[in-house]
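1. sequence unavailable; structure follows:
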């Protein structure tokens, strides 16, 4: 994909739904400065959120709204939206 670098890594992810060890993908991409600034303002106003939780919730929400039917994606979305910590 253009402008997106994916890096495969393995990490242990814990959640209130007790997700098992799973593979995670790190990526770097260019985003408009306005989005980055809006994210920064939101995170400063909501200290229980960080950039990782915000992006996970946004991506999972987008996928769910656009027809992806996956229990794991739904759990990640709900956990990020209503949980007190990031995954």
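-> Cool, got the structure. Computed from a predicted model, the values in this text were never measured in an experiment.
2. so where's the chain uncertain?
-> By pLDDT under 70, the low-scoring segments of the chain are 1-22, 84-87.
3. find the residue at the geometric middle of it.
-> Centroid check for the chain by C-alpha atoms, centre = their mean gives residue 56 as the closest residue, at 1.0 Å.
4. tell me which helix or strand the nearest residue to it once chain neighbours are set aside sits in.
-> Leaving aside its sequence neighbours, residue 56 sits nearest to residue 80 (C-beta to C-beta, 6 or more residues apart in numbering; 5.1 Å). For the C-beta atoms, the positions are set from N, CA and C on the backbone; glycine is no exception. Under the criterion of DSSP states H and E, residue 80 resides in helix 71-82.
5. for that helix, packing partners?
-> For helix 71-82, the packing partners by 3 or more C-beta pairs under 8 Å, 6 or more residues apart in numbering; DSSP states H and E come out as helix 51-65.
6. what's around residue 29, how many residues?
-> Residues near residue 29, counting by other C-beta atoms under 10 Å, number 10.
7. what of the one 5 residues further on?
-> The number of residues packed near residue 34 is 8, by other C-beta under 10 Å.
8. wasn't it part of a strand?
-> No: assessed with DSSP: H, G, I helix; E, B strand; the rest coil, residue 34 is helix; it does not lie in a strand.
9. quick check: the gap between it and residue 81.
-> 23 Å (C-beta to C-beta, to the nearest Å).
10. same thing with residue 49?
-> The value you get for residue 49 to residue 81, if C-beta to C-beta is used, is 10 Å.
11. neighbour count winner among those two?
-> Set residue 49 next to residue 81 and count neighbours by other C-beta under 10 Å: residue 49 wins out with 17 against 12.
12. so the more buried one makes contact with residue 40?
-> No: with contact defined as C-beta atoms under 8 Å, residue 49 does not reach residue 40; the gap is 11.1 Å.
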